[in-house]
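Visitor: coords please:
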Amino acid sequence: MDWREIDIRYKDSSMKTVSSSFLLAGVATAVSLATIPVAQAQAQTQTVKIGFSAPMTGPQAMYGKDYEMGAMLAIDEFNATKPRIDGKITTFVLDSADDQADPKTGTMIAQRLVDDGIKGMLGHLNSGVSIPASAIYAQAGIPQISMSTAPAYTQQGFKTTFRVMTSDTQQGGVMGRYVVDKVHAKRVAIVDDRTAYGQGLADEFEKSVKAASGNVIDRQYTTDKSTDFKAILTVLKGKNPDLIYYAGADAQSAPMVKQARSLGMTSLFVSGEMAKTDNFIKVAGQSAEGVLVSLPGSPLDRMPGGETFAKRYDAKFGSKPVLYAPFSYDGAMAMMKAMSEAGSSDPSAYLPKLAKIDMKGVTTDHFSYDRYGNLRNATVTVYKCENGQWVALEVTNPK
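Guide: Have a look, this model is predicted:
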């Protein structure tokens, strides 16, 4: 007599209980065995958050979105290599937020991102936001790679602050010397938008003009929200400058030069990198002709990886880079490579690797930092608007 015969012969209530328990135990064992590979897979993978913040709405939204797209492209391409960090296959994700180019909003976002568990920070775009937010990241020990060009950003003594563009000291210095030595400007007027970026850039430009024996005849102030500059321009017209330098974004510089021309002013108009956009030319129209601007870095087509970067950017987003994307791409890559070299996403572990990074990037063959977090291999390009196009005039390596 075998077991099956016994099972048939004794079908009482206790036997049913035993059989049911036996079956449930078997099911539970099968489920447990089935989930072991899933648990093992989860233990071997991880997601690492990198924070990002810039103005994604408002007049500077095109800058913020371009900045974000460069970082997104870098993350997608780095993820495709299946990086192994902390002993696990790692997927990087961008934790993005709109800081609206507002310092108060930016600091609140900084704290939220830290609380979200980010391992690194890309941002902010504006110096006026980056500087106050940097204290929050520094307190948390989180490396921050910003687009900030204000010298003060990396002069605070934080080991966590890095930038991906030349500083205003370098950019303002180049343009100040250029307008005196190459343009031969005799009477220079300056206008800035009172933001940390605008004021810092204007300060450095003014220092450089004076150091080159130029004459600054007046300095006026506006805001990054203004669109009517006729009062300021009328004052300047009375002082007859042969050059007006504006430190601020294209949302102000374009209407400013247009209004200057409507007042009959023939002064050469000069600005910084935030005026070097297609939107400036579109808004300013014919008034854009002859305008000079400076831009940190080399022209995209002269960057070591610029040509292929532009193609990959267009393939992913269906458009060409606006301004900041190549720099944010390099910044994101530097951060992820530092984690990879350290074998850890722990900020305290990879921060020393980031500080000593020396990689071939899109913007330069040697993307590396000095002890303050400033780029070692910085360049500045002077452009001129000719026939509705930005034409590179001179690429300089500032000292």
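
Visitor: what sits closest to G64 if chain neighbours are left out?
Guide: In this structure, G64 finds its nearest non-sequential neighbour in A54, 3.5 Å apart by C-beta to C-beta, 6 or more residues apart in numbering. For the C-beta atoms, the positions are set from N, CA and C on the backbone; glycine is no exception.

Visitor: for that neighbour, give me its contacts.
Guide: A54 makes contact with Y63, G64, Y67, E68, D98, D99, G123, H124, L125, N126, M147, according to C-beta atoms under 8 Å, 6 or more residues apart in numbering.

Visitor: closest to S287 out of those?
Guide: Closest approach to S287 among those (C-beta to C-beta): Y63, at 21.6 Å.

Visitor: going by neighbour count, list what's buried in stretch 241-258.
Guide: Neighbour-count burial for stretch 241-258 flags 241-258 (criterion: 16 or more other C-beta atoms under 10 Å).

Visitor: next one: the residue nearest to G64 relative to Y313, how far apart?
Guide: Going from A54 to Y313 by C-beta to C-beta, to the nearest Å gives 17 Å.

Visitor: now do V114
Guide: Note on V114: its distance to Y313, by C-beta to C-beta, is 30 Å.

Visitor: now the helices for the stretch 1-150 of the chain?
Guide: Secondary structure of the stretch 1-150 of the chain by DSSP state H, counting those that start in this stretch: the helices cover 3-9, 13-43, 61-79, 103-115, 127-140.

Visitor: least reliable of these going by mean pLDDT?
Guide: Across these, helix 3-9 has the smallest mean pLDDT, namely a mean of 38.

Visitor: backbone dihedrals for K237, please?
Guide: Dihedral pair for K237: phi -60, psi -40, per degrees, to the nearest 10.

Visitor: once you drop chain neighbours, what's closest to it?
Guide: Using C-beta to C-beta, 6+ apart, the closest residue to K237 is M265 (5.4 Å).

Visitor: rewinding a little: please read off the pLDDT at the residue nearest to G64 from the model.
Guide: So A54 comes in at 98 (pLDDT).

Visitor: for it, which residues count as its bridge partners?
Guide: Bridge pairing for A54 (DSSP bridges) gives the partners D98.

Visitor: quick check: it vs K65, distance?
Guide: Separation of A54 from K65 (C-beta to C-beta): 8 Å.

Visitor: need the helices for the stretch 151-300 of the chain, in chain order.
Guide: Going by DSSP H, counting those that start in this stretch, the stretch 151-300 of the chain shows helices at 168-181, 196-211, 230-239, 250-262, 278-284.

Visitor: pLDDT on the first one, on average?
Guide: Mean pLDDT, taken over the full extent of helix 168-181, equals 94.

Visitor: list the buried ones in that helix?
Guide: Applying 16+ other C-beta under 10 Å to helix 168-181 flags 168-180 as buried.

Visitor: rewinding a little: so which of the helices of the stretch 151-300 of the chain comes closest to N79?
Guide: helix 278-284 (30.7 Å).

Visitor: who are the packing partners of that closest one?
Guide: Judged by 3 or more C-beta pairs under 8 Å, 6 or more residues apart in numbering; DSSP states H and E, the packing partners of helix 278-284 are helix 250-262.

Visitor: send me the helix it packs on as PDB with only the CA atoms.
Guide: Extracted in PDB, the C-alpha atoms of helix 250-262 (Å, rounded to 0.1, in the frame of the first residue of the first chain):
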ATOM      1  CA  ASP A 250      19.200  89.600 -23.300                       C
ATOM      2  CA  ALA A 251      15.700  90.300 -22.000                       C
ATOM      3  CA  GLN A 252      17.100  93.700 -21.000                       C
ATOM      4  CA  SER A 253      20.100  94.200 -23.400                       C
ATOM      5  CA  ALA A 254      18.000  93.700 -26.600                       C
ATOM      6  CA  PRO A 255      15.300  96.400 -25.800                       C
ATOM      7  CA  MET A 256      18.100  98.600 -24.400                       C
ATOM      8  CA  VAL A 257      20.100  98.800 -27.600                       C
ATOM      9  CA  LYS A 258      16.900  99.100 -29.600                       C
ATOM     10  CA  GLN A 259      15.800 102.100 -27.500                       C
ATOM     11  CA  ALA A 260      19.200 103.600 -27.700                       C
ATOM     12  CA  ARG A 261      19.000 103.600 -31.500                       C
ATOM     13  CA  SER A 262      15.500 105.100 -31.400                       C
END
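
Visitor: now it against helix 61-79, angle please.
Guide: Between the axes of helix 250-262 and helix 61-79, defined by axes from the mean of the first three to the mean of the last three C-alpha atoms, to 10 degrees, the angle is 140 degrees.

Visitor: just how off-centre is helix 250-262 within its chain?
Guide: 26 Å (C-alpha atoms, centre = their mean, to the nearest Å).

Visitor: what sits up against it?
Guide: 59-60, 191, 193, 222, 224, 226-230, 233, 244, 246, 267, 269, 271, 274-275, 277, 279-280, 282-288, 291.

Visitor: now distance to F327 too, for the helices of the stretch 151-300 of the chain, in TSV please.
Guide: Output for the helices of the stretch 151-300 of the chain, formatted as TSV (distance: least, C-beta to C-beta, whole Å):
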stretch	distance to F327
helix 168-181	13
helix 196-211	15
helix 230-239	31
helix 250-262	18
helix 278-284	18
